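Q: Predicted model, plus sequence, below.
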Amino acid sequence: MFLSEMFNEYKKGYQTLSKDKSQNKIEDLRKTKLTLAQINQLRKMNDQRTLEYKENLEKVKLMYGQPAAPAA
């Protein structure tokens, strides 16, 4: 998790509050089962997160990489 994620709102498509059933109650004794739709959504989120990580890595390489050699 990045520090900016703590203070900024979630990007569109990251979290669906109407479908969020992550909080269990005391009477929930059985282990939850993931549906194919949930697995697909997790895969898409992971793909998006990987893409954003690669984009962020390119920015970091640009900021902290070796400067270009001056033309002689």
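A: That came through, no problem.

Q: Poorly predicted segments of the chain, please.
A: Under the criterion pLDDT under 70, the flagged ranges of the chain are 1-2, 4-6, 9-17, 21, 72.

Q: For it, just list every one of the strands.
A: Applying DSSP state E to the chain gives no strands.

Q: In it, where's the longest helix?
A: helix 36-64 (DSSP state H).

Q: Distance-wise, check the residue nearest the centre of the chain relative to Ser18.
A: Centroid-nearest residue in the chain, with CA atoms, centre = their mean: Arg49, separated by 4.0 Å. Computed as CB to CB, to the nearest Å, the Arg49 to Ser18 distance reads 22 Å. Backbone N, C-alpha and C define where each C-beta goes, glycine included.

Q: what's the answer for Gly65, then?
A: Going from Gly65 to Ser18 by CB to CB gives 43 Å.

Q: can you check Lys54 too?
A: According to CB to CB, Lys54 stands 30 Å off from Ser18.
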